[in-house]
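Trainee: kindly generate the corresponding structure for this input.
(chains A and B)
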Amino acid sequence: MPRLPPSLIWKAHSISPLAATLLPVCRDIPSALTELRWIREHVQSTSASASSSALDGVRLRRLCRERGKGVPLQYVLGTQPFGNLDIKCRPGVLIPRSEPEAYTTHLSRLLKTGHFSPRSQPLRIIDFCTGTGCIALLLYSNLSSSFPHLDVTGVDISPKAISLSNTNLQHNVSLGLIPPPSPSHSLTFQQSDIFSPAWLSPESEGKWDVIISNPPYISPRGFATDCSRSVRNHEPKLAQVPLPRPDAAVRRQEDVFYARLLDIGAVVRPKVMLFEVGGMDQALRVVRLVGERMGMGEWEVEVWRDWPDGRAVEGEERSVRVDGVGEVPVRGSGHGRSVLVYRR
Amino acid sequence: MFTAPWVCRSCSRLATRSLLAGQTLRRRASTGPASLPPALLQRAHKLAAEHAQLSASLATDFDTKTAKRAGELGSVAAALKDYETAKASLAELNSLLSSTDAELRDLARDDVAPTTAQLDSAARRLSIALTPKHPFADMPCLIEFRPGPGGLESRFFTDSLFKMYQAYCTRKGYRFKVVKYETSDQAGSASGYASESPLQEAVLEIEDEGAYEIFRAEAGIHRVQRVPSTEKSGRTHTSAAALWVLPSLAENTTSDQEADFSDPESDFYIDVSEVKSEVMRARGAGGQHVNKTESAIRLTHVPTGIAVSMQDHRSQHRNREAAWKVLRSRLAQRRREEREELARSLRSSVLAKNQVTRGDKIRTYNYQQDRCTDHRSGVDVHNLPDVLAGGEAFERIIESVREYLVQNDIEAAIADEQVAANEQAAAEAKGAKK
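Mentor: Below is the predicted model of the structure:
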């Protein structure tokens, strides 16, 4: 990372010493000021009592120092907005990003318009590697008014994540952002390893209509080179880099979850599957994997970019040829971000 | 005339003026009824007749559209009725004045003044009822604040204005929220009067219905004259800030308004495919690799080139919604202005001078003289701190401008009626000639 010029630090300091504290992590003055404003708003809104302004000042400085050292803003403030929801964040659980927000919103729009299955039928969704529960919660929030019967399940291996996702469910219900679960609309989280044999048992056939997942997909090498320092130092590696598996069917360590998800998909036979990927190269590998493991007879595949409903800018291909699969449409703009598989 | 041997001219003028003023007032009051032009009265009769007809049809079968129209016309019909009653009683009084019975004459004379006042107020109410209501009048509004040229000083002053409107809304109990508040980082350590920030752009939303009508007269250039806090040699600077008042759609959209915004005929309609949406792109690989906090979003309406960028909130979702809201409002205002421009060019040029466009300077805040002047209503207020705190003094200014605007609208409506009547007369004359 390039060194910050002292003049910039001086300038930030002359506006506000706290802005200078945030500068090492924000890198420029406008974003430092913006984050300072957010931290200040957070301190004011969570102030213990109106009279303790001195305490607030101490807290503000402490939070700014923490943030300046590289702790993610979401851990400092404890929350991250996700769609219309407010998701609580804690160290040990991956922070929700804006890309899942975009593709989850886009997918719920397609589900709502009956793109994949008629709206009168019950809709059952499973979200693997749910983390904070953000994707499951957003789907539940977006779809519960359109489907008479909705069932969403979030699965994660980490007990921390399951406890946090349950907290998030209660938190958003208490804020009135989502309706409380009822017999016809349910949202549950369960702790389970996706590699446990139970997921492949024949009785899970037809159990879910939608499988969605944001699994760990970064290679050990990519973790060292592509990840930003704040992510490496503060966010859980478990949620980003798959553990090596000796029995894995794929050569690359970063792709093991996709092989497993597709195996589960082959048993469950859902209507729609959507998996987040790390980039266009990985997206194409997953597309090939779909061809190998599920056959292209009854499945359609699409690659979605970061903003699947955006307009492609110049230099962004609208489709791509994949060996053994054929022409695959690429939607939206940005990096290759997710792979959609649906039954034709 | 005076007991004093000599009185200076200006004093004598002062002493006699009140006397003369009283006379002119009386004279004008007695001619009051004649001030309502026949064209306007004719229109009132026409609308009242329509109202009667609609009410009759409503009694047999109910229809929401008819009911709405009848409701709109109701105020005209009621005002016309009041006016006619007052006119009739005045005529009766006038006939009594020439009566032979002295006692009756005295009684009638006592009644003339109040009845005349009644007639005047009825005439005014009638002309207000006949003035077409602004189509956005019932809506909430957005007020946009932009500093004019003048560098840092105008940014500081724009912040003061922003705070003034906030304080005013708080005092009046209006519900408001800050949609956008963007300061510039150019200021360095400099700061303005009373902890002003260098404002780059701000948007204030006032959520009460009818807020547009209350604040629409505030749009225009607000000028400030003061010695900037950054000025070393104590010279007074003049700078300015621009305010735009835009209609906005209510948050909890009723079915009526929802139809408003998906209806292609509506001013608020935007074809989604005409809007380019841009977000901050993450450096590098994105996804799990980075954790960006930028949530800025920028919408551009391609056909008009109107662009809105929003980065206030941590939630991109909320920024996007806010950006859409501002974009819709700006577009609606623009469409409306284009139509008004067209209507104005058709209207007689007599009124053109009264029209204030957004480029005109409407108000001056002079710190050294502790004065705030509105250039349209001509009202001077000499308590600037109270004005800037959104207090009584500020309310006086707002009220005076609204009064001015109502008067203006009435004159425009009368002119429109007269133009229409003249045209009709001309057409009839032509027809008679043939």
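Trainee: now do the helices in the stretch 201-344 of chain A.
Mentor: Applying DSSP state H, counting those that start in this stretch to the stretch 201-344 of chain A gives helices spanning A:220-225, A:229-234, A:256-268, A:280-294.
Trainee: of these, which approaches chain B most closely?
Mentor: The minimum distance between chain B and these falls on helix A:229-234, with 5.3 Å, by Cβ to the nearest Cβ. C-beta coordinates here come from the backbone N, C-alpha and C atoms, glycine included.
Trainee: roughly how far does A:Val267 sit from A:Thr79?
Mentor: Taking Cβ to Cβ, to the nearest Å as the measure, A:Val267 falls 37 Å from A:Thr79.
Trainee: also A:Val173?
Mentor: Computed as Cβ to Cβ, the A:Val173 to A:Thr79 distance reads 15 Å.
Trainee: so between those two, which is more surrounded?
Mentor: A:Thr79 (18 against 15; other Cβ atoms under 10 Å in any protein chain shown).
Trainee: does A:Ile126 belong to a helix, a strand or coil?
Mentor: Assigned by DSSP: H, G, I helix; E, B strand; the rest coil, the conformation of A:Ile126 is strand.
Trainee: residues contacting it?
Mentor: A:Ile126 makes contacts with A:152-155, A:208, A:210-212, as judged by Cβ atoms under 8 Å, 6 or more residues apart in numbering or on different chains.
Trainee: repeat that for A:Leu200.
Mentor: Residues near A:Leu200 by Cβ under 8 Å, 6+ apart: A:263-264, A:267.
Trainee: likewise A:Ser158?
Mentor: For A:Ser158, the set of contacting residues under the criterion of Cβ under 8 Å, 6+ apart consists of A:92-93, A:191, A:236, A:238-239.
Trainee: what do you get if the cut-off is 6 Å, keeping everything else the same?
Mentor: Residues touching A:Ser158, when contacts are defined by Cβ atoms under 6 Å, 6 or more residues apart in numbering or on different chains, are absent altogether.
Trainee: what about it, distance to B:Ile221?
Mentor: Distance from A:Ser158 to B:Ile221, counting by Cβ to Cβ: 59 Å.
Trainee: A:His42 too?
Mentor: The span separating A:His42 from B:Ile221 equals 37 Å under the rule Cβ to Cβ.
Trainee: and if you look at A:Pro215?
Mentor: Using Cβ to Cβ, A:Pro215 is found at 57 Å from B:Ile221.
Trainee: looking at these two, which is more packed in?
Mentor: Set A:Pro215 next to B:Ile221 and count neighbours by other Cβ under 10 Å: A:Pro215 wins out with 21 against 17.
Trainee: phi and psi next, for that one.
Mentor: With angles defined as degrees, to the nearest 10, A:Pro215 sits at phi -80, psi 170.
Trainee: tell me, how many residues neighbour the residue nearest to it when sequence neighbours are not counted?
Mentor: Residue nearest to A:Pro215 in three dimensions, not counting chain neighbours: A:Phe257, with 3.6 Å by Cβ to Cβ, 6 or more residues apart in numbering or on different chains. A:Phe257 sits with 23 neighbouring residues when counted by other Cβ under 10 Å.
Trainee: in terms of helices and strands, where is residue 138?
Mentor: Because you didn't say which chain, this covers chain A. With elements taken from DSSP states H and E, the one containing A:Leu138 is helix A:134-143.
Trainee: nope, chain B
Mentor: Counting by DSSP H and E, there is no helix or strand that carries B:Asp138.
Trainee: number of nearby residues for it?
Mentor: B:Asp138 is flanked by 14 other residues according to other Cβ under 10 Å.
Trainee: contacting residues around it?
Mentor: With contacts taken as Cβ under 6 Å, 6+ apart, B:Asp138 has the following neighbours: B:209-210.
Trainee: so what pLDDT did it get?
Mentor: B:Asp138 is assigned 82 on the pLDDT scale.
Trainee: and A:Val241, how far is that from A:Leu73?
Mentor: Taking Cβ to Cβ as the criterion, A:Val241 is separated from A:Leu73 by 23 Å.
Trainee: and the closest residue to B:Ser75 other than its chain neighbours, what element?
Mentor: Using Cβ to Cβ, 6+ apart and skipping residues adjacent in sequence, the residue nearest B:Ser75 is B:Ala129, 4.5 Å away. Taking DSSP H and E as the definition, one finds B:Ala129 inside helix B:102-130.
Trainee: what helices and strands are in contact with the following helix or strand past that helix?
Mentor: For helix B:102-130, the succeeding helix or strand toward the C-terminus, using DSSP H and E, is strand B:141-147. Packing partners of strand B:141-147 (3 or more Cβ pairs under 6 Å, 6 or more residues apart in numbering or on different chains; DSSP states H and E): helix B:151-172, strand B:199-206, helix B:211-215, strand B:237-247.
Trainee: neighbouring strands for strand B:141-147, and are they parallel or not?
Mentor: Looking at strand B:141-147 with DSSP bridges, its paired strands and their directions are strand B:199-206 (antiparallel), strand B:237-247 (antiparallel).
Trainee: still on that earlier bit, turn the helices and strands packed on strand B:141-147 into JSON lines, columns for mean neighbour count.
Mentor: Converted to JSON lines, the helices and strands packed on strand B:141-147 look like this (neighbours: other Cβ atoms under 10 Å in any protein chain shown):
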{"stretch": "helix B:151-172", "mean neighbour count": "21"}
{"stretch": "strand B:199-206", "mean neighbour count": "22"}
{"stretch": "helix B:211-215", "mean neighbour count": "22"}
{"stretch": "strand B:237-247", "mean neighbour count": "21"}
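Trainee: now those in TSV, with mean pLDDT and distance to B:Leu104?
Mentor: Putting the helices and strands packed on strand B:141-147 into TSV (pLDDT from 0 to 100; distance: least, Cβ to Cβ, whole Å) gives the following:
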stretch	mean pLDDT	distance to B:Leu104
helix B:151-172	91	50
strand B:199-206	91	56
helix B:211-215	89	47
strand B:237-247	89	56
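Trainee: I'd like those written out as a markdown table, with distance to A:Trp38 added.
Mentor: Formatted as a markdown table, the helices and strands packed on strand B:141-147 follow (distance: least, Cβ to Cβ, whole Å):
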| stretch | distance to A:Trp38 |
| --- | --- |
| helix B:151-172 | 20 |
| strand B:199-206 | 17 |
| helix B:211-215 | 28 |
| strand B:237-247 | 27 |
